[in-house]
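Sequence and predicted model, in that order:
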Amino acid sequence: MNHGTRHWIDGQPGLFGLLLAVGDFLVVAVSGVLAALLIAELRPQLEVLWPLPDSYRVPILLGTLLAPSLLNWFGIYRQARGVSHRSELRQVLIAMLSVALLLAVCALATKTGARYSRLWMGCWFLLALGGLCSLRLLLWSVLSTLRSRGFDVERVALVGGGALAQRVAEHLMANPGSGLELSGYFAANAEEGQGSARLPCLGSLDDIKETLAAGNGAIDQLWIVLPLTADESIRRLLHELRHSTVDIRLVPDMFSYQLLNYSTENILGLPVLNLSYSPLSGPNRYAKDLLDRVLALGILLLIAPLLLLISAAIKLSSPGPVLFRQDRHGNDGETFTVYKFRSMHVRPPETGYQQARRDDPRVTRLGSFLRRTSLDELPQFINVLQGSMSIVGPRPHPCEMNDIYCDQVERYMWRHKVKPGITGWAQVNGYRGETDTLDKMRKRVEYDLYYIEHWSLLFDIRIILMTVWKGFSSRNAY
């Protein structure tokens, strides 16, 4: 297939973005009219919105002008191959929330907010958001189908043929709809010179400049997949290609490291690669804290009678305090006091840490029931209200337990990059209670780190719902 056919979209500068902007303009405008028509059908006695009053045309016009402008400001109309669809849909949501906020500010500034139906505004926003997302889903589906058949693709050549190149090649070949077609690789040394039918060798590093100079559209992008130790080779290659117009990208060898939520950002004008970074910072942390404390306060008020009943039962069943207090590691490894209902007999302090096990003689009869149903954890909502814990997060382990496992389980202490939780991703997947083998602890840590790396408020809500759905009891809790 010739080069012109492969770039039938990219061959027209700005055409793709222009068509999408026109589509967005129409979606927002039509959504405003449909919202009025829908409300007129559903609430004919309360809302007189059809035919559409002249005053409603002003916000619709402003919205249809603002939406494409803000979407363009977020960079959505720049066609980028291989970009996460979820990321783009998130940007669409943020842009539309900005449009709604600007329209509300305009209505407040002009004192015209009372003229418009709030139900219509909400319906318009939801219809427009749904329409913009649907338009993109349809477009992605069409482009993916066309690109998988060879239309509108860009050919990528890798620089390097080692383990990183193999993994990058697998990613490219596994996503034919991305619009990126793998041409082959340039070997960095003699050992990498043996190509294959799926990944042919295009020559050595010395052949790159000559191959690109030959033109004919055989290579559109050059991805450098050399190890980080090959900085001198990378620097020399970039110098030799300083006059080339081909797109050059550097793929750092992150696969060989065990990293947490690695990402790139710009700090004080410097490009920075985060190798171990918690997503719970800034606005994310405040949003999660707010959700935690509001839910904790509501839950404590709701379960107050149950807390009093359990407290009385503990006091009557065995001598000792109602609450058990223990130091545990929390966010950033800081020590805090966790609260639990006492489930064991009061005994002299033991030497060394011993995890509760099946038929543990230290556990009272009532305590066995409380531990099995997780009712002993209810006072930890006080910890959440205090700010030392979260409703969702890695379960806090005793400090002695952390000392045991921190050297035995890789990345164990990374669990403390977020606040510990009453429930967590590991717990709803069955990894709670006694960890009598090292493999069980490794799996728990694996699930905890997955949660930290993929955190979102929706993920928290999902875990809370899974906890309620599956119940609080567990056969592994002793």
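The structure has been received and is ready for your questions.

Once you drop chain neighbours, what's closest to residue 27?
Distances taken as C-beta to C-beta, 6 or more residues apart in numbering place residue 131 nearest to residue 27, at 3.9 Å, with adjacent residues excluded. C-betas here are computed from N, CA, C, even on glycine.

how many other residues sit next to residue 69?
12 (other C-beta atoms under 10 Å).

how close does it get to residue 404?
Here residue 69 is placed at a distance of 57 Å from residue 404 (C-beta to C-beta, to the nearest Å).

now residue 136
50 Å.

what about the longest helix in this structure?
The longest helix of the chain (DSSP state H) is helix 118-148.

can you list contacts of the helix or strand following that helix?
Moving toward the C-terminus from helix 118-148, the next helix or strand (DSSP states H and E) is strand 154-159. With C-beta atoms under 8 Å, 6 or more residues apart in numbering as the test, strand 154-159 has contacts from 6-7, 10, 81, 165, 168-169, 172, 179-186, 188, 202, 205, 208, 211, 217-226, 237.

Tell me where the stretch 151-300 of the chain is predicted with low confidence.
For the stretch 151-300 of the chain, applying pLDDT under 70 flags the ranges 193, 195-197, 215-217, 254-283.

all helices of it, in order?
Assigned by DSSP state H, counting those that start in this stretch, the helices in the stretch 151-300 of the chain fall at 163-174, 208-214, 231-240, 283-302.

Let me have the ones you listed in JSON lines, extended by distance to residue 148 and mean neighbour count.
Formatted as JSON lines, those follow (distance: least, C-beta to C-beta, whole Å; neighbours: other C-beta atoms under 10 Å):
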{"stretch": "helix 163-174", "distance to residue 148": "12", "mean neighbour count": "16"}
{"stretch": "helix 208-214", "distance to residue 148": "26", "mean neighbour count": "14"}
{"stretch": "helix 231-240", "distance to residue 148": "31", "mean neighbour count": "13"}
{"stretch": "helix 283-302", "distance to residue 148": "36", "mean neighbour count": "14"}
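
With distance to residue 447 added, can I get the ones you listed in a markdown table?
Converted to a markdown table, the helices of the stretch 151-300 of the chain look like this (distance: least, C-beta to C-beta, whole Å):
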| stretch | distance to residue 447 |
| --- | --- |
| helix 163-174 | 24 |
| helix 208-214 | 44 |
| helix 231-240 | 36 |
| helix 283-302 | 18 |
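
thinking again about what came up before, now do the same contact list for the residue nearest to residue 27.
27-28, 30-31.

measure it to residue 30 for me?
Separation of residue 131 from residue 30 (C-beta to C-beta): 7 Å.

Residue 237 and residue 204 touch, don't they?
No. Contact status for residue 237 versus residue 204: not in contact, 11.4 Å apart, counting by C-beta atoms under 8 Å.

The stretch 301-450 of the chain: helices as residue ranges?
304-317, 365-372, 380-386, 399-405, 425-428, 438-453.

which parts of the last one are buried?
Buried residues in helix 438-453, defined by neighbour count with 16 or more other C-beta atoms under 10 Å: 440-449, 451-453.

what's the answer for stretch 64-77, then?
64, 66-68, 70-72, 76-77.

for it, the distance to its chain's centre please.
Mean C-alpha position of stretch 64-77 versus that of the full chain (C-alpha atoms, centre = their mean, to the nearest Å) differs by 23 Å.

I'd say residue 346 and residue 324 touch.
No. Assessed by C-beta under 8 Å, residue 346 is found out of contact with residue 324, at 9.6 Å.

follow-up on the earlier one: keep only those of the contacts of strand 154-159 that are in strands.
Judged by DSSP state E, strands contain the following of the contacts of strand 154-159: 180-186, 202, 221-224.

Now render those as CSV, adding distance to residue 90 and neighbour count.
As requested, those are exported to CSV (distance: C-beta to C-beta, whole Å; neighbours: other C-beta atoms under 10 Å):
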residue, distance to residue 90, neighbour count
180, 22, 20
181, 28, 18
182, 29, 20
183, 32, 18
184, 35, 21
185, 34, 26
186, 36, 25
202, 38, 20
221, 26, 17
222, 30, 22
223, 26, 21
224, 29, 21
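
Run through the residues that contact residue 377.
340, 422.

Give the residue spans of the stretch 301-450 of the chain that score low on pLDDT.
Short version for the stretch 301-450 of the chain, where the test is pLDDT under 70: 348-359, 433-434, 436.

Apply 90 and report the result again.
Where the stretch 301-450 of the chain drops to pLDDT under 90, the residues are 315, 317-320, 326-327, 329-334, 343-376, 397-418, 427, 429-442, 449.

I'd guessed residue 466 sits against residue 428; true?
Yes. Judged on C-beta under 8 Å, residue 466 makes contact with residue 428 at a distance of 4.3 Å.

anything in contact with each of those two?
Counting by C-beta under 8 Å, 6+ apart, residue 466 and residue 428 have no common neighbour.

Please say which of these two ends up with more neighbours.
Ranked by neighbour count (other C-beta under 10 Å), residue 466 and residue 428 place residue 428 first, with 20 against 14.

roughly how far apart are the nearest residue to residue 124 once chain neighbours are set aside and residue 95?
Nearest residue to residue 124, sequence neighbours excluded (C-beta to C-beta, 6+ apart): residue 35, at 4.0 Å. Residue 35 sits 18 Å away from residue 95, going by C-beta to C-beta.

Would you agree residue 381 is in contact with residue 422?
Yes. Using C-beta under 8 Å, residue 381 is in contact with residue 422, at 7.1 Å.

Test my guess that residue 325 contacts residue 339.
Yes. Using C-beta under 8 Å, residue 325 is in contact with residue 339, at 6.3 Å.

More neighbours: those two, which one.
residue 339 (19 against 11).

out of the helices of the stretch 151-300 of the chain, nearest to residue 106?
Proximity to residue 106 (C-beta to C-beta) singles out helix 283-302 among these, at 24.7 Å.

Which strands or helices does that closest one pack on?
Other elements packing on helix 283-302 under the criterion 3 or more C-beta pairs under 8 Å, 6 or more residues apart in numbering; DSSP states H and E are helix 380-386, strand 390-392, helix 457-470.

Now do that helix against helix 457-470, angle only.
For helix 283-302 against helix 457-470, the angle by axes from the mean of the first three to the mean of the last three C-alpha atoms, to 10 degrees is 30 degrees.
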